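*Asks:* Predicted structure and sequence below. I'll ask about it afterward.
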Amino acid sequence: MDMSRALFEKLSRHWHGLEEGVYRPGFSPEESEAIQIIVDEAKSMGMNAYEDLAGNTFLIYEGANRNLPVFMSGSHLDAVPNGGRYDGPAGVVAALAAVRAIHDAGQTPDRDMVVAIWRNEESPWFGQFAVGSKLACGDLSAEFLQAAQKNDGRTLKSHMTDIGLNTDALAAALEHGETLLPMDRIAAFVELHIEQGSQLEKAEKPLGIVTGIRGNLRFPKRIQFEGAAGHSGAVPQDERLDAVLAGAHFLQVFKGFCQELQDKGHDLVWSCPIATTGESASPTTIPAHFEIQPEIRSLSDAILGLGNVTLRMLAIETFWDTGVKVHIDPKDIVMGRAVSIDENLRKLLSAKAAATNIDAMEIPSGAGHDAAILAQHGVTSGMIFLRHGNEGVSHRPDEIMTLNANDDPFDLQGDFAKAVQVLKDTALNYKDVQEVKPSNGDFAYHLQLRGARPL
Ligand SMILES: [Zn+2]
């Protein structure tokens with residue numbers, strides 16, 4: 001825990017107090033500086049460091065059989081604007097702390113243990129989340145490097161060039177459809193992350209073992225209600241085509257549908273973050289126009305699909321009931337698939353927690369993380385959530401990593417230490433989950449074949 005404390009102290013050079021929070025954008029010199037802090041510490045334990053063409057860093061602690069697929073853990077170091085200190089770094093530092101514990105105990109893991117630092121996980125910088133891990137998995141195109149812009153008007157490519165990345169080589173790899181990450185050489189990836197919610201706090205559990213990552217259903221062009229304007233005093237009630245009242249009816253019926261699924265035990269959460277009459281509204285006119293942008297999340301793609309169909313049927317039903325036309329353009333519906341977490345790995349994580357009397361509970365993840373990107377590419381992936389108080393706020397300077405703001409995050413009996421323990425025990429015993437074929441060449445070799453360079 002002393003190492004973790006010292007690393008967070010060093011990382012605090014980007015901390016500007018409770019007003020401004022952390023300043024560490026994706027693909028910035030600050031992010032590179034933070035990575036260097038972790039790299040220096042890793043090298044002091046004899047770990048080798050590699051950087052892939054997208055700037056992701058991999059720190060390798062050698063295991064007994066170097067040709068076995070590796071056990072990988074890690075997260076990201078960038079923060080949202082005015083962000084907190086722990087969303088991301090907690091997972092990177094925990095991974096290194098697990099290696100430190102193995103190193104200090106003089107143990108040798110069966111397989112190489114890799115600490116991954118993914119570049120730019122937060123979406124505000126270049127309009128996409130998990131840019132680093134998506135690039136490593138070949139999810140983004142070479143065009144994206146030119147098209148994505150930060151709010152300073154400069155492209156991702158130029159920010160990457162500024163921090164010394166070889167964008168031509170990266171673009172060439174992306175154009176040829178090559179992945180930067182040798183995914184078949186990864187036995188498992190486990191990401192520790194603060195919960196970003198307060199379910200664990202309410203349940204009085206220090207850790208959560210993630211069961212899946214919720215997918216989402218979104219309507220970026222919004223659902224449009226088209227009624228007719230009229231004087232709000234003169235038109236008889238039954239002749240009105242009030243777009244807002246039709247929208248309220250629509251949402252009310254959808255709420256009942258969701259409630260029914262929730263009551264049956266299905267995983268489903270939803271909200272309607274945007275609802276507006278737009279510019280044309282006036283206080284004494286029957287609203288002719290109303291638009292809403294609901295957002296539905298579930299661990300099940302089937303439930304998301306059902307939500308999609310139901311909303312479109314409701315559009316027709318609302319027109320029959322109210323006379324107000326409801327437009328949902330099928331082309332504008334965006335569905336982000338749910339990610340399932342490997343069940344064997346999940347059970348192993350739970351078992352390792354139980355073995356040392358750590359009280360963990362199963363919990364779904366509402367947000368996407370780097371682990372979700374790897375899981376989508378078939379890498380056996382899991383997540384450990386860490387309880388944090390202050391109502392589980394994240395992406396804010398008052399984000400904390402303990403139950404109370406004054407608790408020591410690096411207490412030997414604390415939640416963070418417990419998470420490191422589970423991570424370490426899982427890494428050391430990974431062979432319990434599945435046997436994988438050794439290959440020619442270790443992980444570092446395969447990484448370098450894909451353009452990574454030693455640091
Ligand atoms: Zn994060």
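*Replies:* Ah, there it is. From a predicted model like this one, the values you see are computed outputs, not experimental measurements.
*Asks:* Pop the domain breakdown of this protein in here.
*Replies:* 2-214+338-454, 218-336 (automatic domain parsing).
*Asks:* Quick check: which of those domains is buried the most?
*Replies:* Mean neighbours per residue, mean count of other Cβ atoms under 10 Å, is largest over the domains of the chain for domain 2-214+338-454, with a mean of 20. (Each C-beta comes from the backbone N, C-alpha and C, glycine too.)
*Asks:* okay, how far is it across that domain, tip to tip?
*Replies:* The straight-line separation of the ends of domain 2-214+338-454 (Cα to Cα, to the nearest Å) is 27 Å.
*Asks:* before we move on, what about stretch 198-215?
*Replies:* Distance across stretch 198-215, first residue to last, is 20 Å (Cα to Cα).
*Asks:* In the stretch 151-300 of the chain, which residue sits nearest the ion?
*Replies:* When scored by Cβ to the ion, the stretch 151-300 of the chain has residue 193 as its residue closest to the ion, at 5.6 Å.
*Asks:* Bridged to that residue, which residues?
*Replies:* residue 385 (DSSP bridges).
*Asks:* could the domains of the chain be laid out in JSON lines, adding mean pLDDT?
*Replies:* Converted to JSON lines, these look like this (pLDDT from 0 to 100):
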{"stretch": "domain 2-214+338-454", "mean pLDDT": "92"}
{"stretch": "domain 218-336", "mean pLDDT": "94"}
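*Asks:* In contact with residue 443, which residues are there?
*Replies:* Shown in contact with residue 443 (Cβ atoms under 8 Å, 6 or more residues apart in numbering): 58, 60, 66, 69, 70, 112, 114, 182, 185, 186.
*Asks:* One more pass at 7 Å, please.
*Replies:* Residue 443 makes contacts with 60, 70, 112, 114, 182, 185, as judged by Cβ atoms under 7 Å, 6 or more residues apart in numbering.
*Asks:* Out of those residues, flag the one nearest to residue 315.
*Replies:* residue 182 (46.7 Å; Cβ to Cβ).
*Asks:* Quickly find the element holding the closest residue to the closest one other than its chain neighbours.
*Replies:* Spatial nearest neighbour of residue 182, chain neighbours left out: residue 446 (3.6 Å); criterion: Cβ to Cβ, 6 or more residues apart in numbering. Taking DSSP states H and E as the criterion, residue 446 maps to helix 443-449.
*Asks:* Give me the helices and strands touching the following helix or strand past that helix, please.
*Replies:* As assigned by DSSP H and E, the chain's next helix or strand after helix 443-449 is strand 453-454. Here strand 453-454 touches strand 48-51, going by 3 or more Cβ pairs under 7 Å, 6 or more residues apart in numbering; DSSP states H and E.
*Asks:* Give me the sheet partners of the strand it packs on and which way each runs.
*Replies:* Partners of strand 48-51 in the sheet, by DSSP bridges, are strand 57-61 (antiparallel), strand 453-454 (antiparallel).
*Asks:* ok, back up a step: correct me if wrong: the residue of the stretch 151-300 of the chain closest to the ion contacts residue 75.
*Replies:* Yes - counting by Cβ atoms under 7 Å, residue 193 touches residue 75, with 6.2 Å between them.
*Asks:* what touches both of the two?
*Replies:* Common neighbours of residue 193 and residue 75, counting by Cβ under 7 Å, 6+ apart, are residue 91.
*Asks:* looking at this protein, which residue lies furthest from center?
*Replies:* residue 234 (52.3 Å; Cα atoms, centre = their mean).
*Asks:* Got phi/psi on that one?
*Replies:* As for residue 234, its main-chain torsions (degrees, to the nearest 10) stand at phi -90, psi -30.
*Asks:* contacting residues for it?
*Replies:* Residue 234 neighbours (Cβ under 7 Å, 6+ apart): none.
*Asks:* Please report the distance of it from residue 245.
*Replies:* As judged by Cβ to Cβ, to the nearest Å, residue 234 and residue 245 stand 17 Å apart.
*Asks:* same check, this time on residue 323
*Replies:* Shown here: residue 323 relative to residue 245, a distance of 11 Å by Cβ to Cβ.
*Asks:* Find the nearest non-adjacent residue to residue 315, please.
*Replies:* Distances taken as Cβ to Cβ, 6+ apart place residue 326 nearest to residue 315, at 3.8 Å, with adjacent residues excluded.
*Asks:* And the contacts of stretch 280-289?
*Replies:* Stretch 280-289 has contacts (Cβ under 7 Å, 6+ apart) with 225-230, 232, 235, 240, 242-244, 277-278.
*Asks:* Contacts only, for the residue most central in space within the chain.
*Replies:* Among the residues of the chain, the one closest to the centroid is residue 369, at 1.9 Å (Cα atoms, centre = their mean). For residue 369, the contact set (Cβ under 7 Å, 6+ apart) comprises 191, 193, 213, 383.
*Asks:* Dump those to a markdown table, plus distance to residue 144.
*Replies:* Converted to a markdown table, the contacts of residue 369 look like this (distance: Cβ to Cβ, whole Å):
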| residue | distance to residue 144 |
| --- | --- |
| 191 | 23 |
| 193 | 25 |
| 213 | 22 |
| 383 | 26 |
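*Asks:* Looking at those, which is nearest residue 88?
*Replies:* Comparing the contacts of residue 369 against residue 88 with Cβ to Cβ picks out residue 193 as the nearest, at 7.8 Å.
*Asks:* does residue 349 really touch residue 209, like I thought?
*Replies:* Yes - the criterion here is Cβ under 7 Å, and residue 349 meets it with residue 209 at 4.9 Å.
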